[in-house]
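**Q** Here you go, sequence then predicted model.
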Amino acid sequence: MSTAAAPLTYRDAIREAIREAMRKDDRVFLMGEDVGRYGGCFAVSKGLLEEFGPERIRDTPMSESAFVGAGIGAALGGMRPIVEIMTVNFSLLALDQIMNNAATFLHMSGGQFNVPLVVRMATGGGRQVAAQHSHSLEGWFAHIPGIRIVAPATLEDARGMLATALEDPDPVLIFEHAGLYNMKGQLPADGGPVDIDHARIRRAGRDVTIVTYGAMVWRSLEAAESLSKKSIEAEIIDLRTLRPLDEVTFLESVRRTHRALVVDEAWRSGGISAEISSRIQEKAFYDLDGPVQRLCGAEVPTPYPKHLEGAAFPQAATIAAAVEALVPAHV
Amino acid sequence: MSNLIETPALSKVDRTHAVECLKQMLRIRRLEERCAELYSATKIRGFLHLYNGEEAVAAGVVQALGPDDAIVATYREHGHALVRGMSARAIMAELYGKQEGCSRGRGGSMHLFDAQTRFYGGNAIVGGGLPIAAGLALADKMRGQNRVSCCFFGDGAVAEGEFHECLNLATVWRLPVLFVCENNLYAMGTRLDLAQSTTDVTKKAAAYGIAAEAVDGMDVFAVEAAARKAIAKIRGGEGPYFLECKTYRFRAHSMYDPELYRSKTEVEEWKKRDPISSLMSLLKQEGAFDDSAMDEMERDVARELDDAVAFAEAGTWESLSDLERFVYSERRPL
């Protein structure tokens, strides 16, 4: 690895990935609402219009279904489109194209037409933007065979996953947590594609496994530090990819720690947390010292006031409390 | 004897080409009839949407396209696939669900695909194919390829948001798309005037600034001439073009439809304008065709379809162990 470059943000890391891909491959282009002249609603694409011009940094009408579908068509036509959807809530307007076309073309055509499409969107709450801009619906998308669902928690993943996604022959949806865009860190100057098939252990620990992803990785790490002071060592698994789900990594961890807590800011009922919990109980039941627990978002459309919104999502303190309830005091 | 014959729309058409148009339409008609029989015989299952009555649209438009152009069609697409050059064998095997089918049997009647002829499906979501066509056209435009993406959809699609989004997008970006509305007057069972603010769908297209034209979809020459004109304009860089083909579906919407929503009289009235018998009469009247030539054509088509059915019958079922194939590509760089 080369020396680390100057400090960057998660946002910068994604922009660097886009820039690098566009310099390297003229089939790559970015399209979405306000990605060009406005610079991207989260400023991810700021400055790219000046470098690459309006053909390749393409502002679209407010027509999610049309421009996501056009991304699918362009991918079928030999391009490598990156489609930006402002937030996951807006992606519902393009759900038909994602579910009925992007995820099915390879299958319906008997293997003839793969769709090398990358869709990026912001997900997650915590910014007081209320009930139509704050949800975490990546678990819904992870229900669909035929697409890959990734959720970068780190700068390295924010950059590397996009690079990998662009090399993938099938549709990849990248869920960027809106609360992470300003997160600062360092990146190796030569950082490239990263593996998008495996979960990663972000913190080793002997007493409990916390399975999570996205912004909740950082909140869980914070909880783990406070737990450590009480001699409880939590192992933190960053899923990174929600589909296909790497169960091996979290099952192995649970077999070591014998306890599991799934932390997910999305709703509990029917969510990805239920899937993970189920797999642990199906495949590691006899390794468990207690039931798998879940800490999820409250089952409410995200409220606007700060105190209510804060209470609607897992926080470091509530994660720590959930772990303490799970791990007996004598550990 | 002149090589040209005069069409009902008073244009002149080469005799050989006129006979070819008849043959293409006859192939579609007889294929669809064969499908109906095979459905009753339970060889074909699922949904089956037949194209009888609308043959002039596929025959006229598809013949006007070049080999490098792309087609995005609907769930009523057997005819388009056949005229495009996909073999009756591959189509029939697909309808049987056999792995020798054009989509390995995975798609069935509503999802015929073929990379060779750039046939991007059979799409069974009304309006769902329009964005795909826009995207194919965008790729061509960005890569500097002078190709046309032709998108077929019914009048029902005109009520979908994707129709409006895509007509707008294609105009704003001047995409080389030929939008072909196969207006058969019913969105499944709902009559056009009960579902549309105006029954003149070209007005909706024109509102987006797209050159729009309506043609008699029962006249293959009128359709073809309009399509050729449209394609020339698109290739000339004038942006998208909208063609409404006014046509009629002779059979039920699908094999499950008891046709409660329209009268038999209405259907019979439209059958008087059958694109195939009309053209046959014209060719006979012009001395370009006679009963023996007709018999020969029928025999040719029957032979082609017999062969297709035999091929499908002899086809094989994909192994159960392959069930989860084609969900993700089998080769990945990492």
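**A** Thanks, I have it.

**Q** Report all helices and strands that the helix or strand where A:R202 lies contacts.
**A** Taking DSSP states H and E as the definition, one finds A:R202 inside strand A:200-203. Applying 3 or more CB pairs under 8 Å, 6 or more residues apart in numbering or on different chains; DSSP states H and E, one finds that strand A:200-203 contacts helix A:215-229, strand A:234-238, helix A:247-257. All C-beta atoms are positioned from the backbone trio N, CA, C, and that covers glycine.

**Q** how about the residues of the stretch 51-200 of chain B that lie near chain A?
**A** B:70, B:99, B:101-107, B:111, B:113-115, B:120-123, B:125, B:128, B:130-140, B:142-143, B:149, B:161-162, B:165-166, B:168-169, B:172 (CB under 8 Å from any CB of the partner chain).

**Q** Correct me if wrong, but A:P81 is in a helix.
**A** No - applying DSSP: H, G, I helix; E, B strand; the rest coil, one finds A:P81 to be strand, outside a helix.

**Q** Kindly state the beta-bridge partners for it.
**A** A:F29 (DSSP bridges).

**Q** hang on, it packs against A:R120?
**A** No - counting by CB atoms under 8 Å, A:P81 does not reach A:R120; the two are 10.8 Å apart.

**Q** Between those two, point out the one with more neighbours.
**A** A count of neighbours by other CB atoms under 10 Å in any protein chain shown puts A:P81 above the other of A:P81 and A:R120, at 30 against 26.

**Q** I would like the residues contacting stretch B:17-28, please.
**A** With contact meaning CB atoms under 8 Å, 6 or more residues apart in numbering or on different chains, stretch B:17-28 is reached by B:5, B:13, B:51, B:55-56, B:58-60, B:63, B:78-79, B:82-83, B:88, B:220-221, B:224, B:275-276, B:279-280, B:282-283, B:288-289, B:293, B:297-298, B:300-301, B:304.

**Q** Looking at those residues, which are in helices?
**A** The helices, defined by DSSP state H, take in B:55-56, B:58-60, B:63, B:78-79, B:82-83, B:88, B:220-221, B:224, B:275-276, B:279-280, B:282-283, B:293, B:297-298, B:300-301, B:304 from the contacts of stretch B:17-28.

**Q** Is it possible to mark the buried ones in the residues you listed?
**A** B:55-56, B:58-60, B:63, B:78-79, B:82-83, B:88, B:220-221, B:224, B:275-276, B:279-280, B:282-283, B:297, B:301, B:304 (16 or more other CB atoms under 10 Å in any protein chain shown).

**Q** Can you say which of the helices and strands packed on strand A:200-203 is nearest to chain B?
**A** Among the helices and strands packed on strand A:200-203, helix A:247-257 comes nearest to chain B, with 16.5 Å by CB to the nearest CB.

**Q** list the helices and strands that closest one packs on?
**A** Secondary-structure packing of helix A:247-257 (3+ CB pairs under 8 Å, 6+ apart): strand A:200-203, strand A:208-212, strand A:234-238, helix A:272-283.

**Q** Columns mean pLDDT, distance to A:G47 and mean neighbour count on top of those, output as a markdown table?
**A** As requested, the helices and strands packed on helix A:247-257 are exported to a markdown table (pLDDT from 0 to 100; distance: least, CB to CB, whole Å; neighbours: other CB atoms under 10 Å in any protein chain shown):
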| stretch | mean pLDDT | distance to A:G47 | mean neighbour count |
| --- | --- | --- | --- |
| strand A:200-203 | 98 | 31 | 17 |
| strand A:208-212 | 98 | 33 | 31 |
| strand A:234-238 | 98 | 29 | 25 |
| helix A:272-283 | 98 | 35 | 19 |
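
**Q** Show me the helices in chain A, by range?
**A** A:10-24, A:48-52, A:64-76, A:88-91, A:95-96, A:105-108, A:138-141, A:155-167, A:215-229, A:247-257, A:272-283, A:306-312, A:316-326.

**Q** what angle sits between the first one and helix A:155-167?
**A** Think helix A:10-24. Counting by axes from the mean of the first three to the mean of the last three CA atoms, to 10 degrees, helix A:10-24 points 30 degrees away from the direction of helix A:155-167.

**Q** other SSEs contacting helix A:10-24?
**A** If you count contacts as 3+ CB pairs under 8 Å, 6+ apart, helix A:10-24 packs onto strand A:28-32, helix A:48-52, strand A:80-87, helix A:155-167.

**Q** now do the third one
**A** Using 3+ CB pairs under 8 Å, 6+ apart as the contact criterion, the secondary-structure elements in contact with helix A:64-76 are strand A:28-32, strand A:80-87, helix A:88-91, helix B:130-143, helix B:161-172.

**Q** Buried deepest among the ones you listed, which one?
**A** Of all the helices and strands packed on helix A:64-76, helix B:130-143 has the most neighbours on average by mean count of other CB atoms under 10 Å in any protein chain shown, namely a mean of 28.

**Q** what is the mean pLDDT for stretch B:207-221?
**A** Average pLDDT, stretch B:207-221: 97.

**Q** How about that stretch, which residues are buried there?
**A** Quick answer for stretch B:207-221 (16+ other CB under 10 Å): B:208, B:210-221.

**Q** picking that back up, and the helices and strands packed on strand A:200-203, which is most packed in?
**A** Greatest average neighbour count among the helices and strands packed on strand A:200-203 goes to strand A:234-238 (a mean of 25), per mean count of other CB under 10 Å.

**Q** For that strand, which strands pair with it and how are they oriented?
**A** Strand A:234-238 is paired, per DSSP bridges, with strand A:200-203 (antiparallel), strand A:208-212 (parallel).

**Q** Was I right to think A:A260 contacts A:I280?
**A** Yes - using CB under 8 Å, A:A260 is in contact with A:I280, at 5.4 Å.

**Q** what do these two both touch?
**A** Common neighbours of A:A260 and A:I280 (CB under 8 Å, 6+ apart) are A:F250, A:V254, A:L288, A:V292.
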